[in-house]
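In: my questions concern the predicted model and sequence given below.
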Amino acid sequence: MATEPPPTCPFAPSERVDLSDEQVHWNLPASQSYGGYLALERLLGAQRPNSREHDEMLFIIVHQVSELWIRLLLHELAGVLACVRKDDLDPCFKMFARIARIQAQLLAVWDVVSTMTPADYSSFRNSLGRASGFQSIQYRLLEFQLGNKNADHLAVHQRDAAASQQLRRALEAPSLYDEALRMLSRRGYGVPDEYLMRDFSEPYRASKQVAGAWLAVYHNAAKDWDLYEFAECLVDVDHRFQTWRFQHMKTVERIIGYKPGTGGTGGVSYLVKALELRFFPELWQVRTSM
């Protein structure tokens, strides 16, 4: 793996620091502060419960924190996507390592939510109205970027023109997996042409030829180690996503049983169906053939 340059400090000194001098001069406005840099006044003022119930604050914060982690996840995946398009995989392995830790944080959220009893949640549930995680724009962007394309999900955001446009672009763009297949083709592995120039807004359909291409990568791991390692990173992402979905489903079952979700979904029954989804299906299929 190529050696990466040291990370750039966001607050670079304006000149060489004299360690004997306690005064360090920074290229920062005189008014810059920790709270200002992090916009803490806005961030910590964004928790506005609709009820007087104690546990609604927990409910708001865990979902806001999850949205922040998803934002970082999208940022890291965009970096991975850029590496794949350039066929320069070395830098993306650090991004995948970070993605793993972000997914661990998202998974840990359910441990906090599970401290809420059915009675706790019921005490403020009506104050949520139709609000639901099903309406999360970032989560939908994440699924589109990873390859779970479904145009029907756009209808949820049809009243928000900016969100609809953003989601439409993501729906029609090649996913990370689509770009990975293009990379395999550039490396000489046999990916059918119809998978390289397909309608990317349509759901992905698994292919025996694509499975054969990935199997060849595993058999040629010594020659194309970066492709082999990349494939395993994709499997790791998919596996952790499945674990997150399962914990989501069990947490919802524990708190509301089989009641419908606030956003109009079937609740647990909807989440159970989601457990069947695979972002990178052929990477799971080849395990049986090895």
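Out: It's in. Numbering: from 1, shown residues only.
In: which secondary element of the protein has the worst mean pLDDT?
Out: Least confident helix or strand of the chain, by mean pLDDT, DSSP states H and E, is helix 268-274 with a mean of 82.
In: buried residues, the helix or strand following it. List them.
Out: Using DSSP states H and E, the helix or strand that follows helix 268-274 towards the C-terminus is helix 281-289. Within helix 281-289, the residues scored as buried using 16 or more other Cβ atoms under 10 Å are 281-286. Every residue, glycine included, has its C-beta placed from N, CA and C.
In: the least confident helix or strand of the chain - contacts with which helices or strands?
Out: helix 225-256 (3 or more Cβ pairs under 8 Å, 6 or more residues apart in numbering; DSSP states H and E).
In: what about the strands in the stretch 101-250 of the chain?
Out: Taking DSSP state E, counting those that start in this stretch, the stretch 101-250 of the chain contains no strands at all.
In: which parts of it are helices?
Out: Under the criterion DSSP state H, counting those that start in this stretch, the stretch 101-250 of the chain contains helices at 118-122, 137-146, 161-172, 176-186, 193-196, 208-219, 225-256.
In: centre of the chain to the second one, how far?
Out: So that's helix 137-146. From the chain centre to the centre of helix 137-146 is a distance of 7 Å (Cα atoms, centre = their mean, to the nearest Å).
In: got the contact list for that helix?
Out: Helix 137-146 is contacted by residues 67, 70-71, 73-74, 77-78, 81, 133, 153, 156-157, 160, 163, 166-167, 170-171, 173, 175-177, 237, 241, 279 when judged by Cβ atoms under 8 Å, 6 or more residues apart in numbering.
In: pull it out as CSV, backbone CA atoms only.
Out: Extracted as CSV, the C-alpha positions of helix 137-146 are listed here (Å, rounded to 0.1, in the frame of the first residue of the first chain):
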residue,chain,number,x,y,z
ILE,A,137,-32.9,11.9,2.5
GLN,A,138,-29.3,11.0,3.5
TYR,A,139,-30.2,7.3,4.2
ARG,A,140,-31.8,7.1,0.8
LEU,A,141,-28.8,8.7,-0.8
LEU,A,142,-26.6,6.1,1.0
GLU,A,143,-28.7,3.2,-0.3
PHE,A,144,-28.6,4.6,-3.9
GLN,A,145,-24.9,5.1,-3.7
LEU,A,146,-24.3,1.5,-2.5
